Every structure is written in structure tokens, then in C-alpha cells.
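> Need coordinates for the below:
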Amino acid sequence: MRRRILHIDLDAFFVSVEQTLNPALRGKPVVVGGDPKGRGVVACASYEARVYGLRAGMSLAVAQRLCPHATFLGGNFYRYRDASARFLDILAGFTPDIEPLGLEEAYLDLTGFEPLYGPVRETALVIKRRIKGALGLTASVGIADSKVVAKIASDLSKPDGLIEVMPGEERLFLDPLPVAKLPCVGSKSECVLKRMGVTTIGELGRLPPSFLKQSFGAHGEVMHRYANGIDSRRMEPPAPPKSISRETTFSEDTSDRAFLSATLHYLGERVGADLRSHRKQAKCVTLKLRYADFESITRSRTSREAFDADRVIFEVGRRLLEEALEQRAVPVRLIGIGVSNLIAGRQLSMLDPWPEILERLNGAIDRIRGKYGFTAIEVGRTLPLRGMFPIEDGRYILKTSSLSR
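This next block holds a predicted model:
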């Protein structure tokens, strides 16, 4: 039985979610990323903005120069996370064999479902209509017998399109495309291939596999298979997290230790809540700083005992922060905190009641915040943030670096 794989991708996801909430933004150049007068990069640009050369990762200041009449929005990760969950729920109604990729895209394996749903192309159209009706979002779909070809087809169908590559027509579809369309070819590999005179996927696929292996190592073999439409990878369910972190970039460099500590505490509480939601504990805390001169550092500390309490995460992070600031008295541009060395379950001491008390306290706080928002109950350390970060839906809205987290 020939496989039928779908790659489905929500178009201009962050912007599209904002446009469903404010229809006046539709048809206009819109950028999610923040205030162009401050720092940050473009997280997402509408297709109307892309006409002016705007793209993800571009400096907001550059984006405003290219498209001064664009509407710039700060974005809200929680809105996007909720829309993503509803998107995946729709997909799960068609097959349990799903591989999510970030918030806005996923692979689906519909092999063998044609007796139930009919032709795969018709099923894809039903999925697109259901997403549009339930979420107000458009999706682009690629259909093929492999993940790599379905992904390329989806990319080429944007926005709001559908391309099906029939079995046996992979080379016909792939050969004329620029080599950069292959997901496994990055900018460096593209430059190397261009120096070899290779500019299309067809030219890449006709090179001897031994030559590509010699030039690119084991990755060269992958490139050769993909260029020939050969990809036997199965769906991979989301793997449990190996680490959890949060970070934010300040609108202005700061040496204010009280503000840095308050921000670190807030980020640590977000990390702790996420850690507990996964029913995990951690043994390592990592602090990340980027200074005004763009030098970045990370400092870590590992504990013998596993933990998931906000207080423990913050106290370790605070000590790392104080040590770093003593070593280098330079204003800070970005701050972040994360945990790693994750283990499942709880490890409570029979002799020390304090960990159990913290567990109950954090559980109660998590339930209150889950119902009423983070700002419904705060510790005194985070109160200075009220004048620094905007609050929406009971949460502090941080910079673009947090949108994908």
C-alpha cells in the first residue's frame, strides 16, 4: 500500500490569529514582533508585508524602514498556543498518526483511510474547510508518499493552497526546483553546491551518493535520498522535553538589580509551572545573560536532589545572577532561566516536610493562576514588573523571544 502523507501548515500563523481577533487588519501589512522603536525581530509578517521584503528574523527597525505603513503588534504566545491546540484537535479527528511541528504545522499519515474518508485530496480539502470554519485561519497542504515531498509541496502551495504529488511523479515535481527548497539544504550547503555548479534538486539528485558523502559526510547521503524523493521516515510523536526555559529581551539595557531579579523570578515561575504541568522534576538550573555589548554567557548549577518548586528555581538562579553581575558590571540586554536533567515523578523526603509543603503551595498557586491568570496571585518580588511589562489576560506580555515558547 502506497503511503499518503499530508503536511499541513497554517499560513502566517501569528498574524492570522491577530486578524481573526481584529478583522480590520485583514488585507493589510501586519507584523508580529513588537514595537519597531524598541528592540526585537519580526516573528511573523503578513503576506501583504512580505511584498515589501519583510521576513521572520528581520530587525523590527529594518522592517519599519521597508514598510513604514505596516501595523506592528507585540503578539501573545497564549493566544497562539490556544489556537494551536484547537488546530491539533481538528487533525486528531481524522487520524491518530500525527507529528506536530511547532505550533502551526504537522504531518498526518492518512495511509489506508481512503475506504473511510474517500480520496486523500478530498479529505485534505475537508480539513482545510474545518480549520477555516472553526479557527478562521487558512492552511496550506502538501500530499505525497513521503514527508519530505509533502513538506516541499505544502511550502509551494502557500498561501491557502493544496498540491498533491502522485506516486511515481516525485522526480518530475522535484527536479526543476531550486536546491534550497530541500528542507535538508541550509544556506551553507547551498553555497557549497552552487560552487559545484548544482542549482536545482534534479542536479543534486543526479550526483553520485559517494561524492555527496565525501563532500558533506553522512548528511550528503540524506541530501541524495531527499533529492530523489526517497524518505521512509514515519510519524514521530512529540518527545518529552529535555529542558524547559524562558527568556526575554529588554527594551533598554539595564543594570537595575531589583528589576533583573523581579524578571528572573517571573521567568522562573513560568518555568516551574511548565515543569510541574509535565509532571517532571529537574536537577539543574541554568542562567542566561546577554550584555549590552552582545556578549552572552550561561551559568549552570546542578543539585543532588530533584526539584520543581518555584522558590528553589529562583534561589539558584538568583545566586547565579549575583555572581555574574559581580564578575562583569555591564548593563544586561537579555535574561533567561531554564531547568534540565529532568526526571519523572516526585521525590519527597520522609524526614523533611518542607518539600511537601512547597509542593502543595505551588499546586494551589498553579490552580489559581490557571483559572484567573498569573497576576491573580503574585509574590512581592514580581510587583515591580507591573510598570514595565503590559498585562493581558492576567499575564505579563514579554518580548518576541517568548512567542515560540
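
> would you say Gly268 is within a helix?
Yes. Assessed with DSSP: H, G, I helix; E, B strand; the rest coil, Gly268 lies in a helix.

> Verify the contact between it and Ile313 for me.
Yes. Under the criterion of CB atoms under 8 Å, Gly268 lies in contact with Ile313, with a separation of 4.4 Å. From N, CA and C alone the C-beta is placed, and that goes for glycine too.

> Now do the shared contacts for those two.
Residues touching both Gly268 and Ile313 (CB atoms under 8 Å, 6 or more residues apart in numbering): Ile337.

> ok, how many other residues are close to Met58?
Neighbours of Met58 under the rule other CB atoms under 10 Å: 16.

> any idea how far it lies from Leu10?
Distance, Met58 to Leu10, by CB to CB, to the nearest Å: 21 Å.

> how about low-confidence regions in the protein?
Regions of the chain meeting the criterion pLDDT under 70 cover residues 345-354, 393-394, 397-405.

> Now Ser340: phi and psi?
Backbone torsions for Ser340, taken as degrees, to the nearest 10, come to phi -150, psi -170.

> Correct me if wrong: it contacts Val271.
No. Look at Ser340 against Val271 with CB under 8 Å: they stay out of range, at 10.6 Å.

> The two - which one has more neighbours?
Neighbours around Ser340 and Val271, counted as other CB under 10 Å, are more numerous at Val271. The numbers are 26 against 16.

> Go ahead and list the helix or strand containing the more buried one.
Element membership of Val271, judged by DSSP states H and E, is helix 257-277.

> What of Ala83?
helix 77-92.

> roughly how far is whatever helix or strand Lys213 lives in from the heart of the chain?
Assigned by DSSP H and E, Lys213 falls within helix 209-216. Distance of helix 209-216 from its chain centroid, counting by CA atoms, centre = their mean, to the nearest Å, is 32 Å.

> okay, that helix in CSV with CA atoms only?
Taking C-alpha atoms only, helix 209-216 is exported to CSV below (Å, rounded to 0.1, in the frame of the first residue of the first chain):
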residue,chain,number,x,y,z
PRO,A,209,25.9,9.4,-3.5
SER,A,210,29.6,8.6,-2.8
PHE,A,211,30.6,12.1,-3.9
LEU,A,212,28.0,13.8,-1.7
LYS,A,213,29.1,11.7,1.3
GLN,A,214,32.7,12.7,0.7
SER,A,215,31.7,16.3,0.5
PHE,A,216,29.1,16.5,3.3
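
> From Glu105, how far off is Lys128?
The gap separating Lys128 from Glu105 is 14 Å, by CB to CB.

> Next, the contact list for the nearest residue to Met58 once chain neighbours are set aside, please.
Spatially, and ignoring its direct neighbours in sequence, Met58 is nearest to Val42 (4.7 Å; CB to CB, 6 or more residues apart in numbering). Residues in contact with Val42 (CB under 8 Å, 6+ apart) are 31-33, 54-60, 63.
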